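*Asks:* fold the following.
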Amino acid sequence: MTAHTPTLLVVEDDAIVRMLIVDVLEELEYKVLEADGSEQALDILKNQDQHIDLMMTDVGLPVMDGRELANEARKLHPSLPILFASGYAENIDVPEGMHLIGKPFSIDQLRDKVKGILDNS
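*Replies:* As a prediction, the model looks like this:
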């Protein structure tokens, strides 16, 4: 039996930040899908053939912010764990079943946060 490799969807409009997050998560041996914003993320979420174990999204996205995206994602995948990343972490009220990591975060913080969410989901 092969272990299931968790698939993470990273939604971040800043290409450099997104690349760094994806690099870290791939080094941790997660399968990572990338979206540069809400529309691209929703296209991935609507693909019924694509299983996603965790969505990590920036809160401050253009067009539809991370919270609105999370609400839409939950309509499609009601039990999807969601991790918000924000430079204003202390000002954010996170809905039940969703998590928050403050920017800037270290590689260790990101690893521990993602592992903790996946272990408990």
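
*Asks:* where does the prediction get shaky in the protein?
*Replies:* Within the chain, the stretches falling below the threshold (pLDDT under 70) are 1-3, 89-90.

*Asks:* now do the helices in it.
*Replies:* Listed in chain order, the helices of the chain (DSSP state H) span residues 15-27, 38-46, 66-76, 107-120.

*Asks:* reformat the ones you listed as CSV; add mean neighbour count.
*Replies:* (Glycine included, C-beta is placed from N, CA and C.) Shown next, in CSV, are the helices of the chain (neighbours: other C-beta atoms under 10 Å):
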stretch, mean neighbour count
helix 15-27, 15
helix 38-46, 18
helix 66-76, 18
helix 107-120, 14
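
*Asks:* okay if I get those as a markdown table plus distance to His4?
*Replies:* Output for the helices of the chain, formatted as a markdown table (distance: least, C-beta to C-beta, whole Å):
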| stretch | distance to His4 |
| --- | --- |
| helix 15-27 | 15 |
| helix 38-46 | 18 |
| helix 66-76 | 20 |
| helix 107-120 | 10 |
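
*Asks:* quick one: closest of those to Val59.
*Replies:* helix 66-76 (4.0 Å; C-beta to C-beta).
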